[in-house]
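Curious how this folds, go ahead:
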Amino acid sequence: MTPQLARRILAISAVLGVLAHWLLKVNSWRAGFVLWVIVVLSVAFVVEATAESDAVARRERRMLYGSAGVLALLLVLRDAESLYAVDFFAFMVVLFLVAWRASGRSLRQLEPRDALIGVASSVTAAVAGAPTLVLRDADAKPMDAGTRRSYRGFGIGSLVAAPVLLVVTGLLASADPLFADFVEHTGELLELSLVGDFLFIGAAAWVTAGALRGSLVPVGITGTMFRRELGVPFASVLPLLGGLALLLSAWIGLQLRTLFGGAAFVAATADMTIANYAREGFFQLIVIGGIVLAALLVTDDVLDRNAESERKSFRILGQVLVMLVGAVLVSAVTRLALYLRFYGLTDDRVFALAVLVWVAIMLTWFALTVLRGQRARFAPGVLVLSVVWLGALNAVNPERRVVETNLRRAEQGMDFDVAYHARLSGDALPALLRGADRLAPAVAAELRTAVSAEWKKRAESRSDWRMWSIPYVLGQRQLLQ
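Residues are numbered from 1 along each chain as shown. Have a look, this model is predicted:
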């Protein structure tokens, strides 16, 4: 990186830190955060155009910048908190990929362990990128060892001196009223809010500078780190994979007894009704699917890649585990269907079902690639499939599906939880207001009153435009009409 580019990044980051103070100092990151991200990504595009890189790296880096921008926009295109969490997580994953890409590897060479490398690269860039720009990159002349030692010594000395100086200041103030009055007036000049503002701006500028540098040049993490093949023998992973297979087999066998025994068997064995049985265990089953997938990925990564006989044993056992987890996930879907029958649908169940679908897709893709000796195709395929899954999840609008499902149940005589539906976000409001007429008159009136009261509170807590999303704004306008 040239000194001119390093100085440009430092200057731009200082401005972006001030902008971050204006846009991000709110309780909820929505419109303000998205605007800040768009500005930062625009700057990244400009900075990237002046950096030296090959055509493939430039194309993939710009694709990742664009993907981050699209994911940021989703934060204001949807209003549901659960969907916000998923979209924000995907946004962070793209940032990790940007930092990982700076190490020199192409997205086509992506491997499962690169998830950890991307996180490490991002954290390292955010923490050490700004000091590297100041102390090394921005200086046209390399810093000699003596100067570098002086800077490091001054920083360490400042950290050591700070508590000592504070203690001495307190003792002097307690020993003399005049000095205490001087300290008090000095503290009034340096208001805590002002200090906090400067700290926020500095932290934002620090992280931004490190992120911009880390998107172009790796900070302490190279393309060869963390890539040593461990060559673990199959015997070392057999207890884990074999134990999982035995546990899942035993569990599935018990489910078959439940299937044929029905409600009487559940009541006699677990001392609960079918309704309560359906309500329990759904989330746990999804977590189990994720654990098995993670175990298979780690096992594939650490096994000796040259021992073909052991690889074959792993593939056979892996196929067995994939089929067993498939049966577990089918059981989870069955429980959701029972839960829907007795209790209706909620947004957390919809998101859990979405995660279940993602796990099922990943397991299927794992079986089609890694377990067939094509492990190089797995991680790039995960990216593509995850993009499709996330796009479909946002397009489906989970909260709207919840409202429409529960309205149909209400028309069939089932209970409709007014308090729960009134708390849903702007994503659900249009369907909720349209469907209120399908409810009994008393329930519809109660729903409209509850929605009005809830959105009045939201108008007070989200009065700042930086916390708005598009569905929230449209919902407020719809209620005013």
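
Kindly export stretch 338-354 (C-alpha atoms) in CSV.
C-alpha atoms of stretch 338-354 as CSV (Å, rounded to 0.1, in the frame of the first residue of the first chain):
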residue,chain,number,x,y,z
LEU,A,338,-49.0,-30.5,15.5
TYR,A,339,-48.1,-27.3,17.2
LEU,A,340,-49.8,-25.3,14.5
ARG,A,341,-52.9,-27.4,14.9
PHE,A,342,-53.2,-26.7,18.7
TYR,A,343,-51.6,-23.3,19.2
GLY,A,344,-51.3,-21.5,15.9
LEU,A,345,-48.2,-20.0,14.3
THR,A,346,-45.6,-17.5,15.8
ASP,A,347,-42.7,-15.7,14.2
ASP,A,348,-40.1,-17.6,16.2
ARG,A,349,-41.5,-20.9,14.9
VAL,A,350,-41.4,-19.6,11.3
PHE,A,351,-37.8,-18.6,11.7
ALA,A,352,-37.0,-21.9,13.4
LEU,A,353,-38.5,-23.7,10.4
ALA,A,354,-36.5,-21.5,8.1
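
Quick one: mean pLDDT for that stretch?
For stretch 338-354, the mean per-residue pLDDT is 84.

buried residues in the helix or strand hosting L393?
For L393, the enclosing helix or strand under DSSP states H and E is helix 378-396. Across helix 378-396, burial judged by 16 or more other CB atoms under 10 Å covers 378-382, 389-390, 393-394. Where you see a C-beta, it was placed from the backbone N, CA and C, and this is true even at glycine.

Count the residues that sit near A436.
Look at A436: counted by other CB atoms under 10 Å, it has 18 neighbours.

What's the per-residue pLDDT of the closest residue in space to it that isn't next to it in sequence here?
If the residues on either side of it in the chain are set aside, A436 comes closest to A444, at 4.5 Å by CB to CB, 6 or more residues apart in numbering. If you check A444, the pLDDT there is 92.

tell me the mean pLDDT for the helix or strand following the helix holding L393?
Counting by DSSP H and E, the element after helix 378-396 in chain order, helix or strand, is helix 398-411. Averaged across helix 398-411, the pLDDT comes to 93.

Show me what helix 398-411 is packed against.
Under the contact criterion of 3 or more CB pairs under 8 Å, 6 or more residues apart in numbering; DSSP states H and E, helix 398-411 touches helix 81-101, helix 347-368, helix 429-435.

Could you export the ones you listed as JSON lines, including mean neighbour count and distance to A173?
As requested, those are exported to JSON lines (neighbours: other CB atoms under 10 Å; distance: least, CB to CB, whole Å):
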{"stretch": "helix 81-101", "mean neighbour count": "20", "distance to A173": "45"}
{"stretch": "helix 347-368", "mean neighbour count": "19", "distance to A173": "54"}
{"stretch": "helix 429-435", "mean neighbour count": "19", "distance to A173": "57"}
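
TSV please, covering those and showing distance to R213.
As requested, the helices and strands packed on helix 398-411 are exported to TSV (distance: least, CB to CB, whole Å):
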stretch	distance to R213
helix 81-101	10
helix 347-368	33
helix 429-435	43
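
ok now do the nearest residue to A367 once chain neighbours are set aside, which residues does it touch?
Of all residues not flanking A367 in the chain, V322 sits nearest, at 4.9 Å (CB to CB, 6+ apart). By CB atoms under 8 Å, 6 or more residues apart in numbering, the contact list for V322 reads 296, 363-364, 366-367, 371.
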